[in-house]
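A.B. asks: Below are the sequence and a predicted model; questions follow.
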Amino acid sequence: MPSLASAPPLWLRDNCPCPDCRDPRNGQKLFQITELPAGLAVGTVQDATTEDGAPAREVVWTPDGHRSVYPETWLGAHLPGAPAAPGDGRTEDDKHLWDAAGLADRIPEADWAAYSADPAARADALEGVMRLGFVLLRGVPVRDRQVLDVARTFGFVRETNYGELFEVRVEADPNNLAFTGARITPHTDNPYRDPVPTLQLLHCLTNAARGGDSGLVDGFHAAALLRAEDPEAYDVLTRVPVPFAFADAHTDLRAHRPLIGTDPAGRIREIRFNNRSIGTLRRPAAILDAFYAAYRRFGELLLRPELQLDFRLTPGDCLIFDNTRLLHARTAFAESGDRHLQGAYADIDGLASTLAVLRRDLQEGAV
Ligand code: OGA
Ligand code: ZN
Ligand code: ZN
């Protein structure tokens, strides 16, 4: 085990588990970082045991004489030099990236009856969303507003200006191309919102039109390919904020974000890509040139057939997908045909929480 004496004192003390430092009822910290004494240092260290008898190390601190007892298992897992810390599940490091061939015969899917009745099946389905970016539920009741009940199995519906749910069908006066029979190329939804809805659901009620097939592209995989093939273009797309906008008679939304969002360590974390709602960039000409070359390059890459998983939604299918990672598409369809999906938005932090609790309960045999 790495040496306890070499642990940064403020870090170690901030993690003291004693009941004066953390409320035993909820584990929440009871002090402010500013309340720790100046010149804090480890005074003495000795072997000890925790209240439930596990091997531990006891630190007595100077200058205030506070005592901290750290379980050895905790130290082994957390001291600097211990195995890498897990991420929060949202960056490329925590994902299984895919192309169409990689998923060919193992699309993550679950039957609604099993999903509803069996916590292990539900956990596997939600794991699909976290790791692969989506799951396809089959046999979901073909019922008006059922999509909201699907969302409520793992989280909370995100209501927007489109309502609690949105109808994807041909409309007479569409405020969005989605509500026509037009082909829609791979895109993420609602990039003009901040925060963007992190999950989308599409529930198929009818799909009797000619055309209207679905496609999904792993945007993290595509961005990683761009990084490998054209690092400069990738860099531009992570840096240039794009003015996304949506307006109709009642709404005027805007969010300025890059097409490829990265975390502070440079890992891919969020894709926003939607040609329908990119506004006018107003930047020096050299930046516009570089952005447009990179945007086009990424756009071409996203249209590579080998990246797109093609399938057809049939009544009772409900797709749940990560709208910060996957791009979705549909082929054109005959407007005379009958095609009706109901869509809703929700958030992936809630799904991840539901999954974590399910996993915990399954491990403890509680469900
Ligand atoms: C949408 C959309 C896909 C479809 O409504 O945002 O992309 O299959 N629809 O109609
Ligand atoms: Zn303490
Ligand atoms: Zn869409």
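C.D. replies: Thanks, I have the structure now. Residues are numbered from 1 along each chain as shown. Ligands and ions are numbered 1, 2, ... in the order given.
A.B. asks: So what are the structural domains in the protein, by residue number?
C.D. replies: 4-78, 92-360 (automatic domain parsing).
A.B. asks: Would you tell me which one of those domains is buried the most?
C.D. replies: Of all the domains of the chain, domain 92-360 carries the top mean neighbour count, a mean of 18, counting by mean count of other Cβ atoms under 10 Å. C-betas here are computed from N, CA, C, even on glycine.
A.B. asks: Quick check: end-to-end length of that domain?
C.D. replies: 24 Å (Cα to Cα, to the nearest Å).
A.B. asks: residues in contact with stretch 7-21?
C.D. replies: 4, 22, 29-31, 33, 36, 40-42, 59, 61, 66-71, 74, 78-80 (Cβ atoms under 8 Å, 6 or more residues apart in numbering).
A.B. asks: which ones among those are found in strands?
C.D. replies: Under the assignment DSSP state E, the contacts of stretch 7-21 contribute A41, V42, V59, W61, R67, S68, V69, Y70, P71 to strands.
A.B. asks: want to throw those residues into CSV with pLDDT and distance to ligand 2?
C.D. replies: Converted to CSV, the ones in strands among the contacts of stretch 7-21 look like this (pLDDT from 0 to 100; distance: Cβ to the ion, whole Å):
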residue, pLDDT, distance to ligand 2
A41, 96, 15
V42, 96, 13
V59, 97, 10
W61, 98, 9
R67, 98, 7
S68, 98, 5
V69, 98, 9
Y70, 97, 10
P71, 97, 14
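A.B. asks: now, which of the residues you listed sits nearest R257?
C.D. replies: Proximity of the ones in strands among the contacts of stretch 7-21 to R257 (Cβ to Cβ) peaks at Y70, which lies at 41.1 Å.
A.B. asks: Quick one: residues contacting the closest residue to that closest one other than its chain neighbours.
C.D. replies: Closest residue to Y70 apart from its sequence neighbours, by Cβ to Cβ, 6 or more residues apart in numbering: R57 at 5.4 Å. Listed by Cβ under 8 Å, 6+ apart, the contact set of R57 reads L4, V45, Q46, D47, A48, V69, Y70, E72, L75.
A.B. asks: Can you tell me how far the last one is from T188?
C.D. replies: Counting by Cβ to Cβ, to the nearest Å, the gap from L75 to T188 is 42 Å.
A.B. asks: those strands in the stretch 201-350 of the chain, which residues are they?
C.D. replies: For the stretch 201-350 of the chain, strands defined by DSSP state E, counting those that start in this stretch occupy the ranges 214-218, 242-248, 251-257, 260-262, 268-271, 308-311, 318-322, 326-330, 339-346.
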